[in-house]
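**Student:** Next input, structure requested:
(one chain, ligands or ions: 1)
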Amino acid sequence: MKILHTADWHIGKQLHKMDLSEDLELFFDWLLKVISTEQIDLLLVSGDVFDQANPSQSALKQYYGFLKRMIGTHCKIIITGGNHDSAAVLNAPKAILGFLNIDVVGGAPEAISELFFKHTKQETQVVIAAVPFLRDKDIRKAAAGESYSDKIEQIRDGIQRYFASVNTHYNAHFEGLCFIVMGHLYVQGAHVSESMRDIQIGNQASVKGHIFGEAPNYVALGHIHKPYAVSGTKQVHYSGSPIALSFSEKAEVKQVNVITITGKTVAVNILPIPQFRHLVAFEGTLESVKTQLHHYTLKTQLVSLAEIIVNEPNENVQIRQDFDELQSDHDSDALKIIKSKLNFTNKVRGASEAFEPGISVADVTPMEMFEKRLQLDGNLEHTEELKNAFRQILEELNL
Ligand SMILES: [Mn+2]
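**Tutor:** Numbers count the residues shown, from 1 in each chain. The predicted structure is shown next:
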C-alpha cells in the first residue's frame with residue numbers, strides 16, 4: 001500500500017497581496033499525476049488546508065475543484081484541520097464528502113474513536129489516527145489568574161495526554177496493524193519560517209518528538225513549512241508546504257512524502273515538487289539593485305516575485321524618488337516586485353520614525369507593532385509580561 005503525505009496547502013494565501021492560486025493549481029496538476037503514476041492508495045493532508053478560517057469563494061472553489069478531480073482515482077483522502085482552518089468550515093461538507101471516499105476531521109471530535117480510520121488493500125491493513133490541530137479548549141481547562149508559563153506548561157501536558165490516549169485506543173482496538181498518526185503542531189527543533197504565525201501559543205508550547213510514543217509506524221505532521229524529519233525519533237516527518245509561502249522559504253526545495261507499507265514495514269520516499277515560481281531577493285545600492293534586476297532571467301513557468309532591499313549611505317530625496325520609480329517601472333514578464341525596503345545609514349535628523357520609511361504596515365506583524373510601541377515608552381518594567389498578555393489576546397482573537 002502506498003500513502004502520500006502532504007500538508008499546509010494554505011489555499012487562498014496571498015503573498016504581499018499577490019495571489020498564489022496559480023502556484024497551487026500547478027501543484028494540484030502535478031499531485032494528480034503522481035497519484036496516478038505512483039499508484040497512491042491514500043492521500044493524507046495534515047492541516048492548514050486553507051490560509052484563512054473563512055476562506056474566500058475562490059479558495060473554496062479551488063479546494064472543491066481539486067477534490068472533484070480526485071474522484072475516480074481510487075485514492076482515498078483523509079484531511080485534518082490546522083490552526084489556520086476553521087473546524088466548522090472543514091466539517092460542513094463532511095457527510096457528503098464521506099460518500100466520495102474523502103474523510104474530514106476539522107477539529108478534535110468528542111470521542112477519540114472518531115479519529116480512527118482503517119484502510120485495507122489486499123493483505124495490507126493500515127490504521128490512521130487523523131489528529132487535527134488541538135485547540136486550547138480540547139486539551140486544557142482554563143483557570144482564572146493563571147500565569148502565562150502555567151498555561152504553556154498545561155498545553156504541553158494536554159498535547160502529550162491527548163496523543164497518549166490515541167495510542168491507548170490503538171492498542172485496545174487495532175494492535176498489530178500498521179499505525180499512522182497525523183498531527184498539526186510544533187515539534188521542537190523544527191524550523192519556523194516568517195509565514196507562520198509567531199503569535200501562536202501552540203508554537204511556544206512546543207513538544208518533543210517522543211510524545212508520539214512507540215505505537216506509530218509513521219507520524220505525518222503539518223504546521224512547519226520546511227520539510228523536516230524529527231531527529232531522535234522513528235519516522236516522525238513534516239512534509240512541509242508544497243509551495244513557498246514567504247520569502248524566508250525561497251531556497252527550500254518543497255516535497256511530498258510517499259510511504260510504502262509492506263506488512264508493518266514502512267519505507268519513506270521523498271518526492272521533490274518542481275518549482276513553478278521563484279521567489280528572489282535583491283540587495284545592494286540603488287544602482288546595484290537596478291543592474292541585478294536588469295540581468296534577471298526567468299527560469300520558471302510563473303513570473304518571479306521579488307523582494308528588493310536598497311541600502312544607501314545618505315538620506316536623499318532623489319534616491320527616494322528613484323526608489324519609488326524603480327518599483328513602479330520595473331514589473332516585467334520575468335519579475336514582479338512585491339516587497340521593498342529602503343535603508344539609509346545616515347538619516348536626516350527628525351526623519352526617523354518608529355519604522356523605517358518604505359515599510360508598509362502590511363509587512364509588520366501585530367506582535368512587531370506591539371514591540372515597537374513598547375520601545376517608544378522606554379524601559380518599561382513589565383515588558384515580557386505585557387508581550388505575553390498581548391500574545392494571549394492575539395491567540396484568542398485567532399489573528
Ligand atoms: Mn499551521
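**Student:** Residue 339: helix or strand, and which one exactly?
**Tutor:** Using DSSP states H and E, residue 339 maps to strand 335-346.
**Student:** Contacts only, for the closest residue to the ion within the stretch 151-300 of the chain.
**Tutor:** The minimum distance from the stretch 151-300 of the chain to the ion, using CB to the ion, falls at residue 223 (4.0 Å). Bear in mind the C-beta positions are built from the backbone N, C-alpha and C, glycine included. Residue 223 makes contacts with 7-8, 46-48, 82-83, 133, 184-186, 196, 238, as judged by CB atoms under 8 Å, 6 or more residues apart in numbering.
**Student:** After the helix or strand bottoming out on mean pLDDT in the chain, which helix or strand is next?
**Tutor:** Using mean pLDDT, DSSP states H and E, the weakest-scoring helix or strand in the chain turns out to be helix 201-204, at a mean of 53. Per DSSP H and E, the first helix or strand lying C-terminal to helix 201-204 is strand 218-222.
**Student:** and that following strand, which residues are buried?
**Tutor:** Of all the residues in strand 218-222, those buried under the rule 16 or more other CB atoms under 10 Å are 218, 219, 220, 221, 222.
**Student:** by contact count, what packs against that strand?
**Tutor:** When contacts are defined as 3 or more CB pairs under 8 Å, 6 or more residues apart in numbering; DSSP states H and E, strand 218-222 sits against strand 2-6, strand 42-46, strand 178-184, strand 236-238, strand 255-262.
**Student:** and the ones you listed as CSV, adding mean pLDDT and mean neighbour count?
**Tutor:** Output for the helices and strands packed on strand 218-222, formatted as CSV (pLDDT from 0 to 100; neighbours: other CB atoms under 10 Å):
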stretch, mean pLDDT, mean neighbour count
strand 2-6, 98, 23
strand 42-46, 98, 25
strand 178-184, 97, 25
strand 236-238, 95, 24
strand 255-262, 96, 20
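**Student:** To residue 72, which of those strands lies closest?
**Tutor:** Among these, the nearest to residue 72 by CB to CB is strand 42-46 (13.8 Å).
**Student:** Strand partners (parallel or antiparallel) of the closest one?
**Tutor:** Looking at strand 42-46 with DSSP bridges, its partner strands are strand 2-6 (parallel), strand 76-80 (parallel).
**Student:** From the rest of the structure, what touches it?
**Tutor:** So strand 42-46 is in contact with 1-9, 35, 70, 75-80, 82, 119, 126, 128, 130, 180, 182-184, 220-223, 239, going by CB under 8 Å, 6+ apart.
**Student:** Dump it to PDB, keeping only the CA atoms.
**Tutor:** Only the C-alpha atoms of strand 42-46 are listed here, as PDB (Å, rounded to 0.1, in the frame of the first residue of the first chain):
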ATOM      1  CA  LEU A  42      -4.300   7.100   0.300                       C
ATOM      2  CA  LEU A  43      -3.700  10.800   0.500                       C
ATOM      3  CA  LEU A  44      -3.100  12.400   3.900                       C
ATOM      4  CA  VAL A  45      -3.400  16.200   4.200                       C
ATOM      5  CA  SER A  46      -2.200  17.200   7.700                       C
END
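**Student:** and residue 171, how many neighbours does it have?
**Tutor:** For residue 171, the neighbour count with other CB atoms under 10 Å is 13.
**Student:** can you check residue 246 too?
**Tutor:** Using other CB under 10 Å: residue 246 sits among 18 other residues.
**Student:** what's the answer for the one 4 residues further on, then?
**Tutor:** Residues contacting residue 250 under the criterion other CB under 10 Å number 15.
**Student:** residues in contact with it?
**Tutor:** Shown in contact with residue 250 (CB under 8 Å, 6+ apart): 244, 278, 279, 280, 281.
**Student:** What pLDDT does the model give it?
**Tutor:** Looking at residue 250, its pLDDT stands at 88.
**Student:** How about residue 71?
**Tutor:** pLDDT at residue 71 comes out at 93.
**Student:** try residue 307
**Tutor:** Listed pLDDT for residue 307 reads 93.
**Student:** Could you say which helix or strand holds it?
**Tutor:** Short version, using DSSP H and E: residue 307 is in strand 304-314.
**Student:** Alongside the ion, which residues does this structure contribute?
**Tutor:** With the criterion set to CB under 5 Å from the ion, the chain comes near the ion through 48, 82, 83, 223.
**Student:** Show me these that map onto strands.
**Tutor:** Under the assignment DSSP state E, these contribute nothing to strands.
**Student:** Check those against residue 329 and report the nearest one.
**Tutor:** For these, the minimum distance to residue 329 (CB to CB) is 36.5 Å, reached by residue 48.
**Student:** Can you tell me how far the nearest residue to that closest one once chain neighbours are set aside is from residue 49?
**Tutor:** The shortest distance from residue 48 to any non-neighbouring residue, by CB to CB, 6 or more residues apart in numbering, is to residue 82 (3.3 Å). From residue 82 over to residue 49 the distance is 7 Å, taken as CB to CB, to the nearest Å.
**Student:** Pick out whichever of the two has more residues nearby.
**Tutor:** residue 49 (27 against 24).
**Student:** The more buried one against residue 9, yeah?
**Tutor:** Yes - if you go by CB atoms under 8 Å, residue 49 and residue 9 touch, sitting 5.5 Å apart.
**Student:** tell me which residues in the helix ranked longest in the chain are buried?
**Tutor:** Determined from DSSP state H, the single longest helix within the chain is helix 148-173. For helix 148-173, a neighbour-count test (16+ other CB under 10 Å) marks 148, 151-152, 154-156, 158-160, 162-163, 166-167, 169-170 as buried.
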